[in-house]
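Chemist: fold the following for me, if possible:
(one chain, ligands or ions: 1)
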Amino acid sequence: MTEPRTPDARRSAPGFATRQVHAGRTAAADGVNARATPIHLTAGFVFEDFGQARDRFQGAEDGFTYTRIGNPTNSALERRIADLEGGTDAILVGSGQAAVSVAVLALLQAGDHLVSAESIYEGSRGLFLENFGRLGIETSFVREANDPLAWELAIRPETRALFVESIPNPRNDLVDLALVAGVAHRHGIPLIVDNTFATPYLLRPLEHGADVVVHSASKFLAGHGAVLGGVIVSGDGFDWATPAFPHLVEPARSLGGASFTERFGGGAFAAYARDVVASRFGPTPSPLNAFLIQQGIETLSLRVDRQSATAARLAGWLEQQPEVEGVDYSGLASSPFHALAERYLPDGQGSVFSFTLRGGLPAAVAFFDAVELFTRMTHLGDVRSLVIHPASTTHAARTQEQRDAAGIGPGLIRLSVGVEDPDDLIADLERGLAAVRRAVRPAAAAVAAEPTAPTVLSASAVSAPAPSAPDLAEVG
Ligand SMILES: Cc1ncc(COP(=O)(O)O)c(C=O)c1O
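Modeler: This is a model prediction of the structure:
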């Protein structure tokens with residue numbers, strides 16, 4: 001017998017769609033009861049008198065002082081995202097890169113070691129290798145991210161965190177979060193999950209054992225592609241009172257000699273990330289951007305539902321096309337990650353995925369230049385559908401060998417599916433495939449005759465876009 005649906009009024013907690021428009025709201029502080037969160041565009045906040053200035057600086061009185069330290073518009077968004085992720089605290093920063101940076105710098109110091117899944121956003125990979133490398137924080141990468149032994153072998157006595165993406169960029173090679181969290185916790189270290197592609201609507205990593213979640217809020221959370229933002233969310237399950245994190249357990253200058261774990265308990269990581277890392281390095285977002293991200297979040301579930309459904313339809317359609325060699329979408333039964341998708345993404349498998357064209361680079365160039373509705377752009381999670389060729393742009397900083405090992409071949413195209421009419425998107429994909437047929441006709445004919453025959457084409461048949469400079473390659 002199926003359970004009758006509980007009427008909303010009697011549910012113990014409001015549902016996601018309700019919380020995405022209401023969570024985190026506090027009594028109006030602007031004196032006029034504005035319904036939308038007001039944009040507090042101000043550098044600082046007036047102190048009533050000497051005592052208030054002193055008490056706010058010394059933590060004896062709650063209240064705002066200066067926008068780099070905190071701002072009511074930013075705080076409202078932080079409360080909402082923390083609620084949607086099921087976390088206890090959230091820290092808003094200026095971009096997804098800033099979120100990854102702040103999360104890692106709040107945990108690791110020179111001499112420490114990070115272990116990351118190999119299949120991650122190229123900007124994070126560059127940050128770990130070059131920027132943290134220069135600071136004395138070394139990173140090892142695990143290729144077989146669902147093999148516990150691979151993580152065990154990479155972990156050293158000085159390892160202080162594991163890092164994965166819930167839906168990895170760009171190949172949808174899902175990670176078993178509970179498995180990786182289990183390994184991390186056996187070693188007394190936290191798991192950080194970049195949940196940008198999944199959003200808290202489809203997946204909440206804290207429910208699967210993660211300890212810290214990061215997002216590029218520039219993507220689905222905002223959805224409109226108008227601003228950048230990032231967020232770090234912490235749960236309350238990890239015991240930070242361990243010698244592995246001396247900066248959290250030793251007396252802190254900013255706490256008058258108390259330690260972060262004494263003062264904040266399970267909130268020690270978030271308090272340190274906010275008060276010592278984010279506010280000092282200073283990647284503070286404008287309250288205007290916080291407002292715009294909050295506007296986006298209010299329709300998150302509606303957009304993600306539609307975008308996931310359309311992506312599933314497009315992925316299934318592409319899989320049937322003779323010009324397409326393979327589609328990396330975990331919602332497809334053919335995906336090696338389908339079982340993980342059923343477990344972790346039952347409500348939709350997201351809307352950013354890749355497919356590989358037969359015919360390599362010439363086919364990719366022909367497709368990329370022919371589409372009209374898909375925007376050629378390095379971004380994702382937008383209401384508009386977007387297309388990018390990772391090997392020559394986002395992943396250009398990797399060597400050919402590294403790209404081959406990651407399955408990012410010259411014929412691979414990444415799509416971010418928006419909210420347009422699915423039929424129009426399919427018509428645009430068909431336009432792209434028609435251009436592929438024209439560009440690589442002899443090979444396509446061979447493929448049609450013998451679908452399994454390898455297609456060997458010269459990249460010089462079509463002029464390729466110039467590769468981006470490495471430092472520009474790590475966007476999107
Ligand atoms: C998974 C993932 N994390 C982080 C980022 C960085 O985000 P931002 O561009 O907001 O700095 C990106 C950007 O594409 C991303 O795809």
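Chemist: pLDDT weak spots in the stretch 301-450 of the chain?
Modeler: Residues of the stretch 301-450 of the chain that meet the criterion pLDDT under 70 lie in 442-450.
Chemist: helices along that one, start to end?
Modeler: Ranges of helices within the stretch 301-450 of the chain are 338-344, 360-370, 400-405, 422-439, 441-449, based on DSSP state H, counting those that start in this stretch.
Chemist: tell me the most buried of those helices?
Modeler: helix 360-370 (a mean of 23; mean count of other CB atoms under 10 Å). Bear in mind the C-beta positions are built from the backbone N, C-alpha and C, glycine included.
Chemist: and the residue nearest to the spatial centre of the chain, what does it touch?
Modeler: Centroid-nearest residue in the chain: T196, 2.1 Å away (criterion: CA atoms, centre = their mean). By CB atoms under 8 Å, 6 or more residues apart in numbering, the contact list for T196 reads G96, Y121, E165, N169, V214, H215, S216, K219, F220, G381.
Chemist: now swap in D236 and tell me
Modeler: By CB under 8 Å, 6+ apart, the contact set of D236 is G87, T88, G266, G267.
Chemist: from those, which is closest to R431?
Modeler: G87 (43.0 Å; CB to CB).
Chemist: the closest one and V213 touch, don't they?
Modeler: Yes - using CB atoms under 8 Å, G87 is in contact with V213, at 6.7 Å.
Chemist: just to revisit the earlier point, and which of the contacts of D236 is nearest to E298?
Modeler: Closest approach to E298 among these (CB to CB): G87, at 18.9 Å.
Chemist: now the closest residue in space to the closest one that isn't next to it in sequence: which helix or strand?
Modeler: Nearest non-adjacent residue to G87, counting by CB to CB, 6 or more residues apart in numbering: V233, 3.9 Å away. Using DSSP states H and E, V233 sits within strand 230-234.
Chemist: is that strand up against the ligand anywhere?
Modeler: Yes - Strand 230-234 lies within reach of the ligand by CB under 6 Å from any ligand atom, at G230.
Chemist: and that strand, what does it pack onto?
Modeler: Judged by 3 or more CB pairs under 8 Å, 6 or more residues apart in numbering; DSSP states H and E, the packing partners of strand 230-234 are helix 72-85, strand 89-93, helix 96-105, strand 212-216, helix 268-272.
Chemist: in the stretch 101-250 of the chain, which residue sits nearest the ligand?
Modeler: With CB to the nearest ligand atom, the shortest gap between the stretch 101-250 of the chain and the ligand falls at S216, namely 3.0 Å.
Chemist: so what pairs up with that residue in the strands?
Modeler: Here S216 sits in beta bridges with G230, as judged by DSSP bridges.
Chemist: run a quick check on it versus A99, I expect a contact.
Modeler: Yes - counting by CB under 8 Å, A99 is a contact partner of S216 at 7.0 Å.
Chemist: overlap in contacts, these two.
Modeler: Joint contacts of S216 and A99 (CB under 8 Å, 6+ apart) are G230.
Chemist: can you pull the residues of this protein lying near the ligand?
Modeler: Residues of the chain lying near the ligand (CB under 6 Å from any ligand atom): 95-97, 121, 123-124, 165, 169, 194, 196-197, 216, 218, 228, 230, 476.
Chemist: quote the end-to-end distance of stretch 414-430.
Modeler: Length of stretch 414-430, first residue to last, CA to CA, to the nearest Å: 16 Å.
Chemist: which other residues reach it?
Modeler: The contact list for stretch 414-430, computed with CB under 8 Å, 6+ apart, reads 170, 303, 306-307, 310-311, 313-314, 317-318, 351-355, 371-374, 379-390, 394.
Chemist: likewise for stretch 317-327?
Modeler: For stretch 317-327, contacts defined as CB under 8 Å, 6+ apart pick out 315, 332, 334-335, 353-359, 363, 411, 426, 429, 433, 436-437, 444, 447-448, 451.
Chemist: buried stuff in that stretch?
Modeler: By 16 or more other CB atoms under 10 Å, the buried positions in stretch 317-327 come out as W317, L318, E319, Q321, E323, V324, E325, G326, V327.
Chemist: now, which of those sits nearest the ligand?
Modeler: Looking across the buried residues of stretch 317-327 and measuring by CB to the nearest ligand atom, the closest to the ligand is V327, at 19.4 Å.
Chemist: what about that closest one, distance to E298?
Modeler: Per CB to CB, to the nearest Å, V327 is found 32 Å from E298.
Chemist: likewise for G348?
Modeler: Computed as CB to CB, the G348 to E298 distance reads 19 Å.
Chemist: those two: which is more packed in?
Modeler: G348 (22 against 15; other CB atoms under 10 Å).
Chemist: next, count neighbours for the residue nearest to that one when sequence neighbours are not counted.
Modeler: Of all residues not flanking G348 in the chain, S308 sits nearest, at 3.1 Å (CB to CB, 6+ apart). Neighbour count of S308, defined by other CB under 10 Å: 21.
Chemist: and what of V249?
Modeler: The burial count for V249: 17, using other CB under 10 Å.
Chemist: list the residues that contact it.
Modeler: W240, A241, T242, P243, S259, F260, T261 are the contacts of V249 under CB under 8 Å, 6+ apart.
Chemist: which ones are touching the second one?
Modeler: It refers to A241. L248, V249, T261, A268.
Chemist: can you do 7 Å?
Modeler: V249, T261 (CB atoms under 7 Å, 6 or more residues apart in numbering).
Chemist: helix or strand for the residue nearest to E144 when sequence neighbours are not counted, which one?
Modeler: Leaving aside its chain neighbours, E144 sits nearest to A150 (4.4 Å; criterion: CB to CB, 6+ apart). Assigned by DSSP H and E, A150 falls within helix 148-154.
Chemist: for the record, mean pLDDT for that helix?
Modeler: Taken as a whole, helix 148-154 has a mean pLDDT of 98.
Chemist: just stretch 186-205 next, same as before
Modeler: Rounded mean pLDDT across stretch 186-205 is 98.
Chemist: got the buried residues for that stretch?
Modeler: Buried, per 16+ other CB under 10 Å, within stretch 186-205: 187, 189-205.
Chemist: show me those that map onto strands.
Modeler: Within those, residues falling in strands by DSSP state E are L191, I192, V193, D194.
Chemist: export those residues to TSV and tack on distance to D176?
Modeler: Listed next are those as TSV, based on distance: CB to CB, whole Å:
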residue	distance to D176
L191	12
I192	16
V193	12
D194	16
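Chemist: and which of those is nearest to G209?
Modeler: Checking these against G209 by CB to CB gives L191 as the nearest, at 6.6 Å.
Chemist: got a list of what the closest residue to V304 other than its chain neighbours touches?
Modeler: Nearest non-adjacent residue to V304, counting by CB to CB, 6+ apart: Y201, 4.9 Å away. Residues in contact with Y201 (CB under 7 Å, 6+ apart) are F16, L300, S301, V304.
Chemist: looking at this, G59 is in a strand?
Modeler: No - under DSSP: H, G, I helix; E, B strand; the rest coil, G59 falls outside any strand and is assigned coil.
Chemist: and it, how far from T65?
Modeler: Distance, G59 to T65, by CB to CB: 11 Å.
Chemist: next one: G331
Modeler: Distance of G331 to T65, given as CB to CB: 47 Å.
Chemist: higher neighbour count, these two?
Modeler: Using other CB under 10 Å as the criterion, G331 and T65 rank with G331 on top: 24 against 14.
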